[in-house]
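Enquirer: generate coordinates for the sequence data below:
(chains A and B)
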Amino acid sequence: MQLEKKPCLTGVGLTKTFGMGRTKTVAVDHVDFTFYEGEIVSIVGESGSGKTTLAKLLLGLINETEGSVEFLGKKRDISSGKKKQEYWKSIQAIFQDPFSSYNIFNKIDAVLLDCIHMRGGKNLPQAKKVELMIEACKFVNLKFEELTNKYPFELSGGQMQRLMIARIFLLKPKILIADEPTSMIDACSRATILDYLIQLRNEIGMTLIFITHDIGLAYYVSDTVYIMERGKIVERGSADDVILRPRAAYTKRLISDVPKIYEEWDLSTV
Amino acid sequence: MGKVMLEVRDLTTKYITRFREDVYAVDHVSLKVEEGKSLGIAGESGCGKSTLALSLMGYYFPPLYYTSGDIIIDGRNISGMNPDDVRRSILGTEIAYIPQAAMNALNPTQKVIHFVEDVIQAHNPKATKKEIYELASERFHLLGLPPEVLQKYPVELSGGMKQRTVIAVSVILGPKVLIADEPSSALDVTSQKMVIKMLRDLMESGLIKSMIFITHELPLLYNVTDHIMVMYAGQIVEHGAASEAVFDPLHPYSKGLMGSIIVPEAGLREHKLTAVPGVPPNLKKPPSGCRFAERCKYVRPECRGAAVNIREGGVGRTYRCILTESELREVYKNAA
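Expert: Residues are numbered from 1 along each chain as shown, chains lettered A, B, ... in the order given. Model prediction:
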């Protein structure tokens, strides 16, 4: 599809430690990576492997202890509040729990309207704004007429997560970090959310960083897979390479722990 | 054919809301589990899986009420029994139940052994502490849990360890039926595998005679159970052998469910996943015809008429659709 891959986000020796002395914990340990534009990257690991800390570092929510991040070829500068605001215009996130991601006092249309305003649509006529919101809702198969005048708690988890994707559709960020976006969702609606995310990437060409503990999900959505164990990246490569021909012992274990349906699931290795 | 351990005939139970509305969460469900077999129940959240599990125990508390039907455990009808009698003579020895968040079932202020003593003494007040300890440590050893766990407080155990402890204690009296309601959904994949291995060991060693396993994770269900039952809006829509239900589903809802399976195996990326759009119907006012009609891709006008009955399809296989097996296969072939 793309002839030349342009690096979008690069990390060199990225490290984050918590605590001091005896309680010192290295959550992310000298991690190097290059995420290219328009690519879907999965970061897979068990709980406690540092996936979410890495996501927070990428988002600039916490500061790195060591190392640096390059954004679009330049060193990322988020030293002041203003620069952070600027950075967040190009990077967005979807979290695990959609219920805690909304302001419960704002109605649904206010949430979407906010996104339009953030993208410089403040002076658009009202009709145009509504049109944009309808388009965004249509993208995730929600009916805008049914959502207006509703509060977030009136929606189901799946609907909220879809609305979250509608927000991203309006914001059109360069990078989207999705941290376990489907773990609170039923297996049957999970496929829909994943398909919207893939479709969104195809449509607006953003880089999607997908964080999950489920190696099956990672295999389904991503082009490139990074496997994290205790803060270190132990394996990386194309999805087919990593999942079908794993090299690291940790990756092999992760794959063998997931139930299979086409092959025999070996239970003796526990 | 083995001995039937659990038989349920036309069980209907309801919730009564505070506005005096009846919600039939389990609607004319019939099933049979033979000795040494396990039955899986699949379906999305809110379809009545957990209510069915509670109803099977015969343990009813408001707002859940028993309406009609029979629950027969090893030849003994327990439907309509008083909850106190159920607790004394059924739970533990006939039926054991593992709830979803089993880790919260342990009292944080008491050691695990105390919990075991409670369970055994409730059924056999004469058992001495020494006997109980010996039985418990032998059983824990058999199930791959270190006996030291007995002397620990629940907070000292990891989530997976707590879950396995609860399972080991619930089956200590050798129940005829074990009902496991999403026993591994709160665990990571490694602990999940340990729990599954334990359940399989329990079945193989004969410590439990039969099992009902509830989850919405189909790959898991396929690996644990012999038969799978798919529930939708309080009714059974499909029942068949595990491999049939997963690889060759008949009902359009099961077809949709099976299409949403995600496993890290070759071939996943090639075929497109199918999800079931929409939400289940409100059971306060269930639709008169097929309950799945609103979400069905292959819906026909006849679907919305009268209630749809269960049909036979092959050996030991049933499904709930107005179309015959050959008609369904034709529809799927044309759609593909």
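Enquirer: what's the weakest-modelled helix or strand in chain B?
Expert: helix B:83-89 (a mean of 84; mean pLDDT, DSSP states H and E).
Enquirer: helix or strand right after that helix?
Expert: Following helix B:83-89 in sequence order, the next helix or strand is strand B:95-98 (DSSP states H and E).
Enquirer: can you tell me what sits against that next one?
Expert: Among residues not part of strand B:95-98, those counted as contacts by CB atoms under 8 Å, 6 or more residues apart in numbering or on different chains are B:53, B:56-58, B:73, B:91, B:166-167, B:170-171, B:173, B:175-181, B:183, B:208. In short, each C-beta sits where N, CA and C put it, glycine included.
Enquirer: quick one: distance of the least confident helix or strand of chain B to the chain centre.
Expert: 21 Å (CA atoms, centre = their mean, to the nearest Å).
Enquirer: buried set for that helix?
Expert: With burial defined by 16 or more other CB atoms under 10 Å in any protein chain shown, the residues of helix B:83-89 counted as buried are residue B:86.
Enquirer: let's see it as CSV, backbone CA atoms only.
Expert: In CSV, the C-alpha atoms belonging to helix B:83-89 read as follows (Å, rounded to 0.1, in the frame of the first residue of the first chain):
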residue,chain,number,x,y,z
PRO,B,83,-34.6,-22.6,50.4
ASP,B,84,-33.6,-23.7,53.9
ASP,B,85,-34.0,-27.4,53.0
VAL,B,86,-32.2,-26.8,49.8
ARG,B,87,-29.2,-25.3,51.7
ARG,B,88,-29.1,-28.2,54.1
SER,B,89,-29.6,-31.2,51.9
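Enquirer: that one - contacts with which helices or strands?
Expert: On a contact count with 3 or more CB pairs under 8 Å, 6 or more residues apart in numbering or on different chains; DSSP states H and E, helix B:83-89 meets no helix or strand.
Enquirer: tell me which helix or strand in chain A has the weakest average pLDDT.
Expert: Using mean pLDDT, DSSP H and E, the lowest element in chain A is helix A:144-147, with a mean of 84.
Enquirer: give me the buried positions along it.
Expert: Result for helix A:144-147 [16+ other CB under 10 Å]: buried residues A:144, A:147.
Enquirer: contacts only, for the residue nearest to residue B:289 when sequence neighbours are not counted.
Expert: Once flanking residues are discounted, residue B:289 sits nearest to residue B:304: 4.0 Å by CB to CB, 6 or more residues apart in numbering or on different chains. Contact partners of residue B:304, counting by CB under 8 Å, 6+ apart, are B:287, B:288, B:289, B:290, B:293.
Enquirer: also residue A:73?
Expert: Counted by CB under 8 Å, 6+ apart, residue A:73 has contacts residue A:7.
Enquirer: next, it: phi, psi?
Expert: Here is the backbone geometry of residue A:73 (degrees, to the nearest 10): phi 90, psi -10.
Enquirer: what segments of chain A are helices?
Expert: A:51-59, A:81-88, A:108-118, A:126-139, A:144-147, A:157-171, A:187-204, A:215-221, A:239-244, A:249-256 (DSSP state H).
Enquirer: pick the most buried one from the ones you listed.
Expert: helix A:215-221 (a mean of 24; mean count of other CB atoms under 10 Å in any protein chain shown).
Enquirer: tell me which strands and helices it is in contact with?
Expert: strand A:40-44, helix A:187-204, strand A:207-212, helix A:239-244.
Enquirer: any chance of the ones you listed in JSON lines, with mean pLDDT and distance to chain B too?
Expert: JSON lines is the format used below for these (pLDDT from 0 to 100; distance: least, CB to the nearest CB, whole Å):
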{"stretch": "strand A:40-44", "mean pLDDT": "94", "distance to chain B": "10"}
{"stretch": "helix A:187-204", "mean pLDDT": "86", "distance to chain B": "4"}
{"stretch": "strand A:207-212", "mean pLDDT": "93", "distance to chain B": "11"}
{"stretch": "helix A:239-244", "mean pLDDT": "92", "distance to chain B": "5"}
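Enquirer: dump these into a markdown table; add distance to residue B:298 as well.
Expert: Shown next, in a markdown table, are those (distance: least, CB to CB, whole Å):
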| stretch | distance to residue B:298 |
| --- | --- |
| strand A:40-44 | 32 |
| helix A:187-204 | 17 |
| strand A:207-212 | 33 |
| helix A:239-244 | 33 |
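Enquirer: which one of those lies closest to residue B:213?
Expert: helix A:187-204 (15.2 Å; CB to CB).
Enquirer: next, count neighbours for residue B:143.
Expert: 19 (other CB atoms under 10 Å in any protein chain shown).
Enquirer: name all residues that make contact with the spatially closest residue to it that is not a sequence neighbour.
Expert: Leaving aside its chain neighbours, residue B:143 sits nearest to residue B:168 (5.2 Å; criterion: CB to CB, 6+ apart). Residue B:168 makes contact with B:139, B:140, B:143, B:145, B:198 under the criterion CB under 8 Å, 6+ apart.
Enquirer: hmm, back to that, so which of the contacts of residue B:304 is the most crowded?
Expert: residue B:290 leads the contacts of residue B:304 on contacts (other CB under 10 Å) with 27 neighbours.
Enquirer: would you verify that that one is located in a strand?
Expert: No - Residue B:290 sits outside any strand when classified using DSSP: H, G, I helix; E, B strand; the rest coil, being coil.
Enquirer: next, count neighbours for the closest residue to residue A:153 other than its chain neighbours.
Expert: Among residues not flanking residue A:153 along the chain, residue A:104 sits closest, at 6.3 Å (CB to CB, 6+ apart). Counted with other CB under 10 Å, residues neighbouring residue A:104 total 9.
Enquirer: ok, now the one 3 residues further on?
Expert: Here the number of neighbours of residue A:107 (other CB under 10 Å) works out to 16.
Enquirer: chain A contacts on chain B?
Expert: Residues of chain B lying close to chain A by CB under 8 Å from any CB of the partner chain are B:44-45, B:188-190, B:192-194, B:196-197, B:200, B:216-220, B:222-223, B:246, B:256-257, B:259-269, B:273-277, B:279.
Enquirer: narrow those residues to just the buried residues.
Expert: Those of those that meet the buried threshold are B:44-45, B:188-189, B:192-194, B:196-197, B:216-220, B:222-223, B:246, B:256-257, B:259-265, B:268, B:274-276, by 16+ other CB under 10 Å.
Enquirer: of all the contacts of residue B:168, which comes closest to chain A?
Expert: Proximity of these to chain A (CB to the nearest CB) peaks at residue B:198, which lies at 8.9 Å.
Enquirer: need the contact list for that closest one.
Expert: Here residue B:198 is in contact with B:143, B:144, B:164, B:167, B:168 (criterion: CB under 8 Å, 6+ apart).
Enquirer: before we move on, the earlier item: who touches the least confident helix or strand of chain B?
Expert: So helix B:83-89 is contacted by B:57, B:58, B:59, B:60, B:61, B:78, B:122 (CB under 8 Å, 6+ apart).
Enquirer: residue contacts, the last one?
Expert: Yep, that's residue B:122 we're talking about. Residues near residue B:122 by CB under 8 Å, 6+ apart: B:88, B:92.
Enquirer: checking my notes, it in a helix, right?
Expert: Yes - membership of residue B:122 in a helix is supported by three-state DSSP.
Enquirer: do you know how far it is from chain A?
Expert: Residue B:122 sits at a distance of 32 Å from chain A (criterion: CB to the nearest CB, to the nearest Å).
Enquirer: likewise the third one?
Expert: Distance, residue B:59 to chain A, using CB to the nearest CB: 26 Å.
Enquirer: in three-state terms, label that residue for me.
Expert: coil.
Enquirer: check contacts around the closest residue to residue A:250 other than its chain neighbours.
Expert: Using CB to CB, 6+ apart and skipping the chain neighbours, the partner closest in space to residue A:250 is residue A:229 (4.6 Å). By CB under 8 Å, 6+ apart, residue A:229 lies in contact with A:45, A:46, A:49, A:248, A:250.
Enquirer: all good on my end, thank you.
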